[in-house]
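In: Sequence unavailable; structure follows:
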Ligand SMILES: [Zn+2]
């Protein structure tokens, strides 16, 4: 269901089948020191695609979650349920429609 084709060898893999290995060069601003590796051709892939913009919906949901901490306003009770449902749906959509791009070991 979450299978995507590898950009190097075009075999169908799921995101949790990816292996990883450390990058050859780790720079000063390296956030993730490991590369995701296709299990069939052992070449680096990276999750990408325009569907990852759906994750931007996290910003208003999480920001509104901080409102009752810093102000006196009480959020309604349904806000927590709707917020969690929004985050789960957005994450599922982003993972479902994302694609694998080629990554390069610099
Ligand atoms: Zn591959």
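Out: All right, it came through fine. Small disclaimer: the values here were computed from a predicted structure and weren't measured. Numbering: from 1, shown residues only.
In: In space, what's closest to residue 93 - neighbours in sequence excluded?
Out: residue 54 (5.1 Å; Cβ to Cβ, 6 or more residues apart in numbering). The way it works is simple: take the backbone N, C-alpha and C, and place the C-beta from them, glycine included.
In: Make sure that neighbour is actually in contact with residue 95.
Out: No - here residue 54 does not reach residue 95: they are 9.6 Å apart, not a contact under Cβ atoms under 8 Å.
In: Off-centre distance for the lengthiest helix in the chain?
Out: For the chain, the helix with the greatest residue count under DSSP state H is helix 78-97. Distance of helix 78-97 from the chain centroid (Cα atoms, centre = their mean, to the nearest Å) equals 13 Å.
In: and after it, which helix or strand comes next?
Out: strand 99-102 (DSSP states H and E).
In: If you count contacts, what does that next one end up packed against?
Out: strand 4-5, strand 44-48 (3 or more Cβ pairs under 8 Å, 6 or more residues apart in numbering; DSSP states H and E).
In: hang on, the earlier thing: give the other helices and strands that the longest helix of the chain contacts.
Out: helix 58-65.
In: now the angle from the helix it packs on to helix 78-97?
Out: 160 degrees (axes from the mean of the first three to the mean of the last three Cα atoms, to 10 degrees).
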